[in-house]
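Visitor: no letters, just coordinates:
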DNA sequence: ACGAGAACTTGATAGTGTCAAGTCGTGGTG
DNA sequence: CACCACGACTTGACACTATCAAGTTCTCGT
């Protein structure tokens, strides 16, 4: 399974061959099939691990005691996680690969991850915010972070804005824009 | 090829079988291979069409004469396009499917699409904006729109924020938040 | 000691992308 | 009019894949 994550980080999840990773691990072509009943099961398992790592990273304490805006830090964390954990991230949001409906554990882990985001937004907005407001803000933040992450990992962003000499700076600048508002 | 786009819109691009769409079209399993030399070639072709449609939609005149914020309208357009053209959108940003380096036409179409975004941002910011600022803003807007679109299409968003009774309203609210700034 | 079950194996089947040759009709040129 | 080159398509074959169905081996608790 570690081999699978490595492979995905390098080549993406689509060309992944059950048989190939079995061969690499030095076992027969049917060994993996014994542990994960199904090709999609291994993806579900990877996604499960991924969401757990993700929740862990996003709610880590050091996320809460710097002096930059919390929203900015969350966004940075999100993108950081995606890039340093390509192998997981690429799978986590591919509903076609890991069928959530067949693996409730993964579903729960994903829900938990989203929950941390909602909590954080609530913290940012304070008690006065309405439920609708929290949802909208959470969606906005999530969209920006997710979009930025996917565009950086697989997307054409790097090509378009010119070789990013300092990725961290870009991410921070974009996150700050998100907080302050575009067109300000 | 139209059949392929339909299939992708319904089932996603990964399960797509060259042989299957050939059979559906009532020809032999090798007929498509004759027109597109390669499996990835058909995806490149779809992406090419997609980017052209996309540029067309994003730069349509009616985008410029309403009275809501231009940035909001662009974001709405982006998401709208993605949802009504799933079959194209799902392929356009999958570098693993359509190898840009092998089909310069698609590459150019993608570049052109991004160019319209840069122009729009320049228009929004006015002449005083620095090149760096334009890049950051464009990236921020693109990220938000792209993230929202992908989360809506394949992602878990709908599940998370509850059945979206009115998708358009959500998209507009999120876009407005993007413009005004999160945590305002 | 032994038997149940886990970890793994070998073998077979159906479906896939791709290569390599055909076949067939149609249009243009001598 | 004969001819033939070429594009659209077909058939056949190959290597690879996921998956099903049975073995085999080895370990561990009773």
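Guide: Nice, thanks for sending it over. This structure is a prediction, so every number in the text was calculated from the model and none was measured.

Visitor: buried residues, stretch A:68-88. List them.
Guide: Buried residues in stretch A:68-88, counted by 16 or more other CB atoms under 10 Å in any protein chain shown: A:69-79, A:81-82, A:85-88. No exception for glycine: its C-beta is placed from N, CA and C like everyone else's.

Visitor: inside helices: which ones of the residues you listed?
Guide: Residues of the buried residues of stretch A:68-88 located in helices (DSSP state H): A:70-79, A:81-82, A:86-88.

Visitor: which one of the residues you listed is nearest DNA strand C?
Guide: residue A:87 (21.1 Å; CB to the nearest atom of the strand).

Visitor: is the closest residue to that closest one other than its chain neighbours within a helix or a strand, and which one?
Guide: Among residues not flanking residue A:87 along the chain, residue A:9 sits closest, at 3.4 Å (CB to CB, 6 or more residues apart in numbering or on different chains). Residue A:9 is part of helix A:2-11 when elements are defined by DSSP states H and E.

Visitor: so is that helix next to DNA strand D?
Guide: No: figure legend: helix A:2-11 not in contact with DNA strand D (CB under 7 Å from any atom of the strand); closest approach 10.2 Å.

Visitor: angle of that helix against helix A:70-84?
Guide: On the basis of axes from the mean of the first three to the mean of the last three CA atoms, to 10 degrees, helix A:2-11 is oriented at 100 degrees to helix A:70-84.

Visitor: ok, the residue in chain A sticking out farthest from the centre - contacts?
Guide: Distance from the C-alpha centroid of chain A peaks at residue A:28, with 32.1 Å (CA atoms, centre = their mean). If a contact means CB atoms under 8 Å, 6 or more residues apart in numbering or on different chains, then residue A:28 has residue A:22 as its contacts.

Visitor: relative to residue A:34, how far out is it?
Guide: For residue A:28, the distance to residue A:34 equals 10 Å [CB to CB, to the nearest Å].

Visitor: so the residue in chain A positioned nearest to DNA strand C, which state does it fall into?
Guide: In chain A, no residue comes nearer to DNA strand C than residue A:28, which is 2.9 Å away by CB to the nearest atom of the strand. For residue A:28, the assignment made with DSSP: H, G, I helix; E, B strand; the rest coil gives coil.

Visitor: contacting residues around the residue nearest to residue A:87?
Guide: A:85-87, A:90.

Visitor: check residue A:82 too.
Guide: By CB under 8 Å, 6+ apart, residue A:82 lies in contact with A:89, A:149-150, A:152-153.

Visitor: could you pull out the strands in chain A for me?
Guide: Using DSSP state E, no strands are assigned anywhere in chain A.

Visitor: got the residues of it near DNA strand D?
Guide: A:16-20, A:29-30, A:33, A:37-40.

Visitor: so which of the residues you listed is the closest to residue B:101?
Guide: Nearest to residue B:101, judged by CB to CB, of the residues of chain A next to DNA strand D is residue A:16 at 21.8 Å.

Visitor: can you map out the helices along chain A?
Guide: Under DSSP H, chain A gives helices at A:2-11, A:18-24, A:31-35, A:39-58, A:70-84, A:86-92, A:104-125, A:131-153, A:157-160, A:167-180.

Visitor: quick one: least confident helix or strand in chain A?
Guide: helix A:157-160 (a mean of 76; mean pLDDT, DSSP states H and E).

Visitor: so for that helix, what gets flagged as buried?
Guide: A:157, A:160.

Visitor: what's it packed up against?
Guide: When contacts are defined as 3 or more CB pairs under 8 Å, 6 or more residues apart in numbering or on different chains; DSSP states H and E, helix A:157-160 packs onto helix A:131-153.

Visitor: what is the helix it packs on packed up against?
Guide: Going by 3+ CB pairs under 8 Å, 6+ apart, helix A:131-153 lies up against helix A:70-84, helix A:86-92, helix A:104-125, helix A:157-160, helix A:167-180, helix B:131-153, helix B:167-180.
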